[in-house]
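Peer 1: what's the 3D shape of this:
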Amino acid sequence: MGVGDSDRERAERARAVGVFRYQVISEALDPGLTGRQRGRVVRALAEMEHPGPFGGVERVSRTSIDRWLRAWRAGGFDALVPNPPRVQPRTPQEVLSAACALKLERPDRTAAQVARVLRLSHGWSPSERTLQRHFARMEPVPPRPDAVFGRFQAAAPNELWVGDALHGPLVGGRKTFLFAFLDDHSRAVVGHRFGFAEDTVRLAAALRPALAARGIPGAVYVDNGSAFVDAWLLRACAVLGIRLVHSTPNRPEGKGKIERFNRTVRDQFLVEYDDDAAADLGELNRWFTAWVEQVYHRAVHSETGAAPLERWLSGAPFKHPAPGLLAEAFRWSQTRRVSKVGAVKLHGNTYEVDHVLAGRNVELVFDPFDLTDIEVRLGGTSFGAAIPQVIGRHSHPKARPEVPPEPAPATGIDYLRLVDDAHHRELGTRVNYAALADHPAENAENAENAENAENAEGELR
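Peer 2: Predicted coordinates for the structure are as follows:
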């Protein structure tokens, strides 16, 4: 691994630490808490074990939680991201390799015992804590339970949204997927969209309009599907101050409402849909929107005793994100190292950035559908736009379009038929019919042989 790769890895780990800190303090960020209530929440958080950013569990002191809360109020999510130090490894690699080999040879050896062996064999050993840290990187991390939202029902609209993906019908012979978000208190559908892929881009297409139209929820509860654990969703929730909660694998508690809604979609909407009935994806989404607004939102829910939309509106007004903040939340970011000449590369494209950033790791922030407009940041400070130099890709590899490109028009040229015709023309020129009159017997025999050869070749074809 080169120096640039190491710096990039440290930057990514620093952002993971920032996300971990935000998840720890998110419950204490509720603006409705009084000072005394917030104090109780912080004390409870300090007594809990939290899933660590790199596996295992961690306990966080109240002093650290208070410090992170102050940092969040002062600078938002960027203030929670530590500045990764640039340090050179002080432990020789051969000593670490020997330590790892000793541990693998006898897994029951403790770090203290490995240190003793190294001192005898090499005359020196790193500290036990250094050895433990390297052993932790070497060994597989046991799976950890994720946090579960244990309440039966949210107390108010927009306190909790629940999201899920449902396999949908065919459109144009292609499989569709429905991303939907349900308000836990009212059962109102706050966001939805059918797409041709179960990925992060299609999830964003459902969530972003929901946030713009319905407001910012206190928390979003989702499962551990690949689209829901992508780093972009963590970043979006952190920017908007939304607590992201993942369900525990193989434990369905908390997902009953969205699964019940999925069943309603199957029983009332999909049952009336014939495969390929919609002309395109837009028509399918239009039909589903009409069903949600005309049927589902107006029917009295059996558990709440009220129509979902009416029950959701009872909690208005809601807090809506500013357009600029919403756009920032759904931008993606990646860390890249600036070359000595002030150039940086992203997915095959080359950009020119401020030359004072040469040799530094910078954060590139962009819309995944437009790689020509990229903002360069360092330590949360903007250094302007990256100027495109060589653009071979205009969108992120994950930002696949819903509509595949149109196939090239047919030329009407049948290559194999042309080859066959040429072959027949060549066979016709092999018999010299003009010479048949001079040597009737010989030429007849030759003609017969040529005809037999042609027939044989025809059978082989």
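Peer 1: domains of this structure?
Peer 2: Domain assignment for the chain, taken from automatic domain parsing, gives 1-144, 160-313, 331-390, 415-450.
Peer 1: would you mind finding the most buried of these?
Peer 2: Of all the domains of the chain, domain 160-313 carries the top mean neighbour count, a mean of 18, counting by mean count of other C-beta atoms under 10 Å. Backbone N, C-alpha and C define where each C-beta goes, glycine included.
Peer 1: just to revisit the earlier point, relative to H320, which of the domains of the chain is closest?
Peer 2: domain 160-313 (5.0 Å; C-beta to C-beta).
Peer 1: thinking again about what came up before, so can I have TSV of the domains of the chain showing distance to P323?
Peer 2: What follows is the domains of the chain, written out as TSV (distance: least, C-beta to C-beta, whole Å):
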stretch	distance to P323
domain 1-144	17
domain 160-313	8
domain 331-390	13
domain 415-450	55
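Peer 1: for stretch 28-39, how far is the first residue from the last?
Peer 2: End-to-end span of stretch 28-39 (C-alpha to C-alpha, to the nearest Å): 8 Å.
Peer 1: from now on call the first residue 15
Peer 2: Right, with 15 as the first residue, what we last looked at is stretch 42-53.
Peer 1: from the middle of its chain, how far away would that stretch be?
Peer 2: The chain centroid and the centroid of stretch 42-53 are separated by 32 Å, computed with C-alpha atoms, centre = their mean, to the nearest Å.
Peer 1: do a quick rundown of the strands in the stretch 215-364 of the chain.
Peer 2: Remark: strands assigned in the stretch 215-364 of the chain by DSSP state E, counting those that start in this stretch are 233-236, 257-260, 346-351, 357-360, 363-366.
Peer 1: can you say which of these is nearest to R280?
Peer 2: Of all the strands of the stretch 215-364 of the chain, strand 233-236 sits nearest to R280, with 20.1 Å by C-beta to C-beta.
Peer 1: which secondary structure elements does that closest one sit against?
Peer 2: Under the contact definition 3 or more C-beta pairs under 8 Å, 6 or more residues apart in numbering; DSSP states H and E, strand 233-236 sits against strand 174-185, strand 257-260.
Peer 1: for S135, find the nearest of those.
Peer 2: strand 257-260 (45.3 Å).
Peer 1: list the pairing partners of that closest one within its sheet, with orientation.
Peer 2: strand 233-236 (parallel) (DSSP bridges).
Peer 1: what sits up against the strand it pairs with?
Peer 2: 40, 163, 173-178, 195, 198, 242, 251, 256-261, 268-269 (C-beta atoms under 8 Å, 6 or more residues apart in numbering).
Peer 1: cool, and stretch 216-229?
Peer 2: In contact with stretch 216-229 (C-beta under 8 Å, 6+ apart) are residues 172, 175, 177, 179, 191, 193-195, 197, 204-207, 209-210, 241-242, 246-247, 250, 254, 332-335, 337, 340, 343-344.
Peer 1: who are the contact partners of S75?
Peer 2: Applying C-beta under 8 Å, 6+ apart, the residues near S75 are A60.
Peer 1: could you measure F397 against Q403, distance?
Peer 2: Applying C-beta to C-beta, to the nearest Å, the value for F397 to Q403 is 16 Å.
Peer 1: excluding sequence neighbours, find me the nearest residue to V55.
Peer 2: A42 (4.8 Å; C-beta to C-beta, 6 or more residues apart in numbering).
Peer 1: right, and that neighbour touches R84 too?
Peer 2: No: with contact taken as C-beta atoms under 8 Å, A42 and R84 are classed as non-touching, separated by 11.5 Å.
Peer 1: so what does the helix or strand hosting H437 touch, helix or strand wise?
Peer 2: When elements are assigned from DSSP states H and E, H437 belongs to helix 429-442. Using 3+ C-beta pairs under 8 Å, 6+ apart as the contact test, no helix or strand touches helix 429-442.
Peer 1: remind me which residues of the stretch 265-414 of the chain are low pLDDT?
Peer 2: 265-268 (pLDDT under 70).
Peer 1: for it, which segments count as helices?
Peer 2: Along the stretch 265-414 of the chain, the segments classed as helices by DSSP state H, counting those that start in this stretch run 270-278, 295-305, 322-327, 337-343.
Peer 1: elements contacting the first one?
Peer 2: Counting by 3+ C-beta pairs under 8 Å, 6+ apart, the packing neighbours recorded for helix 270-278 are strand 174-185, strand 188-197.
Peer 1: also the second one?
Peer 2: The criterion is 3+ C-beta pairs under 8 Å, 6+ apart, and the helices and strands that helix 295-305 contacts are strand 174-185, strand 188-197, strand 203-209.
Peer 1: what angle separates it from strand 174-185?
Peer 2: Angle, helix 295-305 to strand 174-185, by axes from the mean of the first three to the mean of the last three C-alpha atoms, to 10 degrees: 130 degrees.
Peer 1: so how far is helix 295-305 from its chain's centroid?
Peer 2: 25 Å.
Peer 1: name the residues that touch that helix?
Peer 2: Taking C-beta under 8 Å, 6+ apart as the rule, helix 295-305 contacts 182-183, 185, 190, 192, 206-210, 282-283, 287, 292, 416-417.
Peer 1: ditto for the third one
Peer 2: Outside helix 322-327, the residues within contact range by C-beta under 8 Å, 6+ apart are 171-172, 197, 199-204, 307, 310-313, 315, 318.
Peer 1: among the residues you listed, which one sits closest to G66?
Peer 2: Once C-beta to C-beta is applied, the member of the contacts of helix 322-327 that ends up nearest G66 is N172, at 30.1 Å.
Peer 1: spell out the secondary structure type for that closest one.
Peer 2: coil (DSSP: H, G, I helix; E, B strand; the rest coil).
Peer 1: wait, doesn't it sit right on S328?
Peer 2: No: under the criterion of C-beta under 8 Å, N172 makes no contact with S328, lying 11.2 Å away.
Peer 1: looking at these two, which one has more neighbours?
Peer 2: Legend: neighbour count by other C-beta atoms under 10 Å for N172 and S328, higher for N172 (23 against 12).
Peer 1: separation between the residue lying closest to F193 once chain neighbours are set aside and F195?
Peer 2: Closest residue in space to F193, ignoring its immediate chain neighbours: A220 at 3.9 Å, by C-beta to C-beta, 6+ apart. Per C-beta to C-beta, A220 is found 7 Å from F195.
Peer 1: find residues that contact each of those two.
Peer 2: Joint contacts of A220 and F195 (C-beta under 8 Å, 6+ apart) are G205, H206.
Peer 1: returning to what we had before: quick one: which of the helices of the stretch 265-414 of the chain is nearest R350?
Peer 2: helix 337-343 (19.2 Å).
Peer 1: got a list of contacts for the closest one?
Peer 2: R222, L225, A226, R249, A250, C251, V253, L254, P335, V379.
Peer 1: just the closest of those residues to L110, please.
Peer 2: Closest to L110, out of all of the contacts of helix 337-343 and judged by C-beta to C-beta, is R249, at 33.4 Å.
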